[in-house]
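>>> Need a 3D model of the following:
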Amino acid sequence: MASTEAMTLTKRKTVDEEIVDALAEILVRFEAELALMDESLAFVQGLLTGGSLKISKPRGLQPALIELFASILAKGCKTFRGIKAVALAGCGQDASVLLRELFESTIALHYLLQRDTRRRSILYAAHGDQRKLVLIEEAAIVPGLKR
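Model prediction:
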């Protein structure tokens, strides 16, 4: 009986081998989804880097607003690449946290583009500035931080 236990122990995979097998299975199982992710990312990056962007109905969109939208899209692209990277590393919970961030960016763009875009953009920027101010004020009361 001791010899069968010894043989069973030698036939077991190491944790590292199991991790490699699991990551390889992710690539196989989600091949179509990963290809769709690459295609979607390439499309959005093409919008941002493909030269001048033509807007057929500008409706008062000013260059500063276009830059704001482009910055949110660029942030979304970085987050999207991060989601893919952590998913391929087998870190599903981390991918879901990043997915929420991507969702929030999408909602922000949707909010800004509905109506009264200029006013909403000002409110969006003010909210970001207010959040930064709160963080700075909180950091200022931490013992040991002088600046």
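>>> Can you pull out the low-pLDDT segments for the chain?
For the chain, applying pLDDT under 70 flags the ranges 1-11, 58-60, 146-147.
>>> Distance check, the residue nearest the centre of the chain against residue 42.
With distances taken as C-alpha atoms, centre = their mean, residue 79 lies nearest the centre of the chain, 2.0 Å away. Distance of residue 79 to residue 42, given as C-beta to C-beta, to the nearest Å: 16 Å. Yep, even glycine has a C-beta here, placed from its N, CA and C like the rest.
>>> wait, doesn't the residue nearest to the centre of the chain sit right on residue 97?
No: using C-beta atoms under 8 Å, residue 79 is not in contact with residue 97, being 10.1 Å away.
>>> mind listing what the spatially closest residue to residue 105 that is not a sequence neighbour touches?
In this structure, residue 105 finds its nearest non-sequential neighbour in residue 76, 4.7 Å apart by C-beta to C-beta, 6 or more residues apart in numbering. Neighbour list for residue 76: 44, 102, 105, 106 [criterion: C-beta atoms under 8 Å, 6 or more residues apart in numbering].
>>> What subset of those residues is buried?
102, 105 (16 or more other C-beta atoms under 10 Å).
>>> so residue 122 is in which element?
helix 117-140 (DSSP states H and E).
>>> So which elements touch that helix?
helix 63-88, helix 92-113 (3 or more C-beta pairs under 8 Å, 6 or more residues apart in numbering; DSSP states H and E).
>>> would you turn these into CSV with distance to residue 17?
Shown next, in CSV, are the helices and strands packed on helix 117-140 (distance: least, C-beta to C-beta, whole Å):
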stretch, distance to residue 17
helix 63-88, 18
helix 92-113, 20
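>>> I am finished for the moment; much appreciated.
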